[in-house]
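[1] coords please:
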Amino acid sequence: MQIRSYFSGMFRKTQNLRILIVLAIFFVLASFSRYQGSLELSIDEDGQVQSMPQRDNNLHFTHHIATYNQKDIKPWTHGDSVALRTIEGQKVVEYLTASPYQVPSAENEYQQTLLKPDHFLTLTKRFRIYRSLWKYLESYYNSSVAEHRQDEFFSAPPKEIAVDVDFLQRLEQASFPWIVRDHKTSYSLYNKFKNGGRGIVMCVGNGHAKYARTAVKALREVVKTKLPIEIFYTGLPDLSPENRAWFESIENVKTIDVTTLVDNELLVLQGWAAKPFALMVSSFSEVILMDSDVYYMIDPELMFEDNGYKETGTLYFYDRTLFPGAGGDKKRWMESFLPTMSNHPAKTRWFRLKGDHEMESGVVVFNKKDHFLGLLAICKLNDLYERVQVTYEKSWGDKESFWIAMEMIQERYSFIRYGGGVIGNVGDAIPFWEVLPQDEINRYNQGEDLVATNPYHPKTGEIKHVEKPRRDRVCGNQLHFDHKGQPLWWNSGVVRNKFVKDSPYLKYTAFVRDEDGTWDFDQTCLVQKNPGAIMEVDWEQRKLAFEVLKVDREVALEYNDPNVKDILDIPKLVRADGAKGGRGNNEAV
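    Numbers count the residues shown, from 1 in each chain. The predicted structure is shown next:
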């Protein structure tokens with residue numbers, strides 16, 4: 001008894017000591033918080049210090065909110081205006097507006113378009129000064145509008161702000177020259193859409209029209225959103241007259257050539273790069289930017305009610321946790337051009353060496369009124385030389401620019417904390433057709449390795465070879481979650497593999513969250529880390545997903561061209577009840 005009591009006492013002391021250590025760590029971390037404002041601090045579930053607005057005690061558990069030290073955000077003051085008139089002030093002006101390109105050598109004329117090694121550091125300094133100066137002068141510009149003198153704002157500004165206006169104009173010309181073609185100032189561009197309401201923006205070319213047709217019909221007929229839709233393309237060859245006419249036959253859908261609204265001789269827009277510029281020139285003030293192969297479990301307009309969006313004016317989604325260590329030291333790269341950061345980069349997989357991808361830009365919810373200057377910075381990172389030489393070299397396309405640019409210009413943003421998972425069926429490896437050796441065909445016919453229901457290809461007679469289903473994984477397309485961790489939208493189409501001919505439709509029986517699995521990237525499967533991680537898709541959501549499949553088949557029948565889109569059989573929708581496979585779905589396992 002004495003021995004038992006002795007060990008029991010030791011256990012209680014150890015437990016109390018652990019509690020004291022945890023509390024001490026909490027207060028130490030809280031003391032290092034970089035945010036000074038009307039927020040309280042909490043340690044969130046991944047161990048990171050997270051700023052938490054007092055009015056919403058759950059936000060810090062559902063989102064990652066980028067929060068800045070207010071001491072790092074410098075407003076423009078009258079003292080800065082006075083300093084601009086000095087020799088030292090003019091040197092700063094010259095430095096921030098100088099050419100970003102290296103001086104070409106006699107041996108290498110290509111250097112005239114080669115960005116300086118410290119270009120992103122200069123951009124960061126320029127963005128931050130531009131933001132403070134823009135906000136300082138905004139009231140002056142609005143006064144000129146009220147007096148119908150806005151055309152004189154740059155040509156004949158009031159004497160007390162003349163030097164400031166000149167600096168702003170030079171910063172705009174150095175950073176955003178593609179605005180000037182249709183707008184005298186960024187203020188006039190801002191005023192053009194600030195009362196534009198809410199809408200959806202998509203970028204679609206001929207190669208993606210077959211997905212976008214399904215997406216648009218699903219928006220109208222399945223989730224029944226009333227949001228207006230603007231579809232952008234990059235020049236007349238990018239989207240055919242037939243495709244443009246088809247989209248515009250849908251109620252409240254417009255097609256717009258983005259190259260008619262920006263100076264495309266400077267930008268040479270194509271592919272990913274068009275997305276932020278379409279976002280910028282769209283007529284809406286609050287935008288859901290979505291890819292052509294995105295489909296929703298809800299009316300996407302409800303995303304505007306997300307608490308992270310209402311708190312920050314943005315709603316971002318994480319990508320999958322893939323390729324740790326690839327792409328070089330992203331932490332060191334960001335530190336090279338960000339003298340100060342929010343609390344968010346420390347949470348990223350980049351900084352923790354967990355993965356090579358952070359953000360998925362298949363859906364971006366963005367308030368242009370709140371973040372117009374942040375949007376200009378995002379566009380700049382997708383400018384021609386920036387994207388070719390830096391942004392797309394360091395990351396996969398446009399997606400990371402949406403949060404990195406916000407860090408550079410110091411504007412808040414939010415991520416739903418769940419990573420990109422997978423939705424599909426348990427164990428559905430990607431099928432492929434092959435002519436098997438005769439001895440394998442004989443073994444197959446004798447009952448061995450029965451891995452396919454319909455093994456013979458209807459056209460070629462080849463054998464359909466599939467890996468045996470493994471019940472520890474869900475295979476399918478990329479899934480993204482709401483703040484409760486429930487399916488919200490998915491991308492990469494509606495078939496098992498959109499790059500494979502005759503690939504079957506998904507069954508939408510099960511899903512796994514990124515945090516609960518390990519990726520089999522080649523098969524687009526998530527292997528559960530622990531039993532129970534595989535979750536059954538809600539029955540109502542399954543029915544909705546199957547309605548999207550019906551819409552997709554209608555689109556295929558309308559094309560009636562197998563070279564464009566396969567006409568596929570829709571799998572049987574079966575409501576299964578059971579206890580196996582995580583929340584019970586016999587069909588899923």
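[2] what comes up buried for stretch 308-325?
    Within stretch 308-325, the residues scored as buried using 16 or more other Cβ atoms under 10 Å are 308-309, 311-322. Using the backbone N, CA and C atoms, a C-beta is placed for each residue, glycine as well.
[3] Columns secondary structure, pLDDT and distance to Thr391 on top of those, output as TSV?
    Below are the buried residues of stretch 308-325 laid out as TSV (DSSP: H, G, I helix; E, B strand; the rest coil; pLDDT from 0 to 100; distance: Cβ to Cβ, whole Å):
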residue	secondary structure	pLDDT	distance to Thr391
Gly308	helix	97	25
Tyr309	helix	98	25
Glu311	helix	96	27
Thr312	helix	98	22
Gly313	coil	98	22
Thr314	strand	98	19
Leu315	strand	98	22
Tyr316	strand	98	17
Phe317	strand	98	19
Tyr318	strand	98	19
Asp319	coil	97	16
Arg320	coil	96	20
Thr321	coil	95	21
Leu322	coil	93	19
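[4] now, which of those sits nearest Asp516?
    Relative to Asp516, the closest of the buried residues of stretch 308-325 is Thr321; by Cβ to Cβ it sits at 11.0 Å.
[5] any idea how far the closest residue to that closest one other than its chain neighbours lies from Gly420?
    Spatially, and ignoring its direct neighbours in sequence, Thr321 is nearest to Gly355 (4.4 Å; Cβ to Cβ, 6 or more residues apart in numbering). As judged by Cβ to Cβ, to the nearest Å, Gly355 and Gly420 stand 11 Å apart.
[6] Now the common contact residues for the two.
    In terms of Cβ atoms under 8 Å, 6 or more residues apart in numbering, Gly355 and Gly420 are both contacted by the residues 319-320.
[7] Helix, strand or coil: sort out Ile425 for me.
    Quick fix: residue 425 reads Asn, not Ile. strand (DSSP: H, G, I helix; E, B strand; the rest coil).
[8] Using the three-state scheme, assign the spatially most central residue of the chain.
    Closest to where the C-alpha atoms of the chain average out (Cα atoms, centre = their mean) is Ser361, at 2.5 Å. Counting by three-state DSSP, the backbone at Ser361 sits in strand.
[9] contacting residues for it?
    275, 289, 291, 397-399, 402.
[10] okay, it: pLDDT?
    Here, the pLDDT recorded for Ser361 equals 97.
[11] what about Arg131, distance to Asn58?
    Distance from Arg131 to Asn58, by Cβ to Cβ: 31 Å.
[12] Those two: which has the busier surroundings?
    Remark: of Arg131 and Asn58, Arg131 carries more neighbours, 22 against 10, as counted by other Cβ atoms under 10 Å.
[13] How far off centre is the helix or strand where that one lies?
    Arg131 belongs to helix 119-146 when assigned by DSSP states H and E. Centre-to-centre, helix 119-146 and its host chain are 26 Å apart (Cα atoms, centre = their mean, to the nearest Å).
[14] try stretch 141-154
    Distance, centroid of stretch 141-154 to centroid of chain: 37 Å (Cα atoms, centre = their mean).
[15] buried sites along that stretch?
    141, 144, 150, 153-154.
[16] any residues touching that stretch, and which ones?
    The contact list for stretch 141-154 (Cβ under 8 Å, 6+ apart) reads 140, 165, 169, 184-185, 187-188, 191.
[17] so can I have a markdown table of the buried residues of stretch 141-154 showing pLDDT and distance to Tyr508?
    Listed next are these as a markdown table, based on pLDDT from 0 to 100; distance: Cβ to Cβ, whole Å:
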| residue | pLDDT | distance to Tyr508 |
| --- | --- | --- |
| Tyr141 | 95 | 51 |
| Ser144 | 93 | 55 |
| Gln150 | 88 | 53 |
| Phe153 | 89 | 55 |
| Phe154 | 87 | 55 |
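[18] Would you mind writing the CA trace of stretch 546-560 as PDB?
    Only the C-alpha atoms of stretch 546-560 are listed here, as PDB (Å, rounded to 0.1, in the frame of the first residue of the first chain):
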ATOM      1  CA  PHE A 546     -24.800  12.500 -58.500                       C
ATOM      2  CA  GLU A 547     -26.900  15.400 -59.800                       C
ATOM      3  CA  VAL A 548     -23.600  17.000 -61.000                       C
ATOM      4  CA  LEU A 549     -22.800  13.700 -62.800                       C
ATOM      5  CA  LYS A 550     -26.100  13.900 -64.600                       C
ATOM      6  CA  VAL A 551     -25.400  17.400 -65.700                       C
ATOM      7  CA  ASP A 552     -22.000  16.300 -66.900                       C
ATOM      8  CA  ARG A 553     -23.500  13.600 -69.000                       C
ATOM      9  CA  GLU A 554     -26.000  16.000 -70.500                       C
ATOM     10  CA  VAL A 555     -23.000  18.200 -71.500                       C
ATOM     11  CA  ALA A 556     -21.300  15.200 -73.100                       C
ATOM     12  CA  LEU A 557     -24.500  14.300 -75.000                       C
ATOM     13  CA  GLU A 558     -24.800  17.800 -76.200                       C
ATOM     14  CA  TYR A 559     -21.200  17.700 -77.500                       C
ATOM     15  CA  ASN A 560     -21.800  14.200 -79.000                       C
END
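[19] Do me a favour and average the pLDDT over that stretch.
    What stretch 546-560 shows for mean pLDDT is 98.
[20] where's Ile189 relative to His183, distance?
    For the record, residue 189 is Leu, not Ile. Note on Leu189: its distance to His183, by Cβ to Cβ, is 4 Å.
[21] cool, and Tyr392?
    Look at Tyr392 and His183: by Cβ to Cβ, they are 27 Å apart.
[22] which ones are touching Asp482?
    Counting by Cβ under 8 Å, 6+ apart, Asp482 has contacts 306, 416, 488.
[23] Flag whichever of the contacts of stretch 141-154 scores worst on pLDDT.
    For the contacts of stretch 141-154, the pLDDT minimum is Lys184, 76.
[24] What separation do you get for that one and Glu265?
    Using Cβ to Cβ, Lys184 is found at 19 Å from Glu265.
[25] more neighbours, those two?
    More crowded of Lys184 and Glu265, by other Cβ under 10 Å: Lys184, with 15 against 10.
[26] still on that earlier bit, quickly note the distance from the residue nearest to the centre of the chain to Asp516.
    In terms of Cβ to Cβ, Ser361 sits 23 Å off from Asp516.
[27] for the residue nearest to Thr321, what are its contacts?
    By Cβ under 8 Å, 6+ apart, the neighbours of Gly355 are 319-324, 349.
[28] Recalculate using a threshold of 6 Å.
    Applying Cβ atoms under 6 Å, 6 or more residues apart in numbering to Gly355 gives the contacts 321-322, 324, 349.
[29] now swap in Leu302 and tell me
    By Cβ under 6 Å, 6+ apart, Leu302 has no neighbours at all.
[30] what pLDDT does it get?
    pLDDT recorded at Leu302 is 98.
[31] That one in helix, strand or coil?
    Following three-state DSSP, Leu302 is assigned to helix.
[32] re earlier: can you tell me which of the contacts of Gly355 comes closest to Ser240?
    Using Cβ to Cβ, the contacts of Gly355 come closest to Ser240 at Leu322, 34.6 Å.
[33] Compute the distance between that closest one and Asp520, please.
    11 Å.
[34] Can you pull out the low-pLDDT segments for this structure?
    1-57, 105-111, 180-181, 429-469, 576-589 (pLDDT under 70).
[35] Give me the phi and psi angles of the spatially closest residue to Glu411 that is not a sequence neighbour.
    Nearest residue to Glu411, sequence neighbours excluded (Cβ to Cβ, 6+ apart): Gly374, at 4.1 Å. With angles defined as degrees, to the nearest 10, Gly374 sits at phi -60, psi -40.
[36] Cool, thanks, talk later.
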